[in-house]
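I would like the atomic coordinates for the input below:
(one chain, ligands or ions: 1)
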Amino acid sequence: MKAAVDEDRCRGHGVCNALCPEVFTLTDDGYAEVRVPQVPAEFEETVRTAVGQCPERAITVS
Ligand code: F3S
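Numbering: from 1, shown residues only. Okay, here's the model as predicted:
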């Protein structure tokens, strides 16, 4: 699984980072970035939760 954050949608709510800091980091400006090219299997379910919890629907997985 790969995860991506749409930088045009992200408003820095930080839910993704709170749920899964192993995959989502926040920039100095407070916006999310994906820190790994491939989501480790043990974090896939948490990343799917983040997809559903992001208020801006900024996270997608493929
Ligand atoms: Fe941005 Fe959504 Fe995370 S708004 S900081 S991608 S929870």
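
Point out the residues in this protein that sit beside the ligand.
If contacts are counted using Cβ under 6 Å from any ligand atom, the residues of the chain sitting beside the ligand are 5, 10-16, 32, 54, 56, 58-59. The way it works is simple: take the backbone N, C-alpha and C, and place the C-beta from them, glycine included.

Going through those residues, which ones are buried?
With neighbours counted by 16 or more other Cβ atoms under 10 Å, those contain buried members at 5, 10, 13, 15-16, 32, 54, 58-59.

about what we covered before: how about the residues of the chain next to the ligand in TSV, adding secondary structure?
Supplementary listing: the residues of the chain next to the ligand in TSV, determined by DSSP: H, G, I helix; E, B strand; the rest coil:
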residue	secondary structure
Val5	strand
Cys10	coil
Arg11	coil
Gly12	coil
His13	coil
Gly14	coil
Val15	helix
Cys16	helix
Ala32	strand
Cys54	coil
Glu56	coil
Ala58	coil
Ile59	strand
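
Run through who's touching stretch 20-38.
For stretch 20-38, contacts defined as Cβ atoms under 8 Å, 6 or more residues apart in numbering pick out 1-5, 7, 10-12, 14, 16-17, 39-40, 43, 46-47, 50, 58-59.

At which residues are the helices of this structure located?
Taking DSSP state H as the criterion, the chain carries its helices at 15-19, 44-53.

from those, which stretch is densest packed?
Per residue and on average, the most neighbours among the helices of the chain fall to helix 15-19, with a mean of 19 (mean count of other Cβ atoms under 10 Å).

and that helix, how far from the chain's centre?
For helix 15-19, the separation from the chain centroid amounts to 7 Å (computed by Cα atoms, centre = their mean, to the nearest Å).
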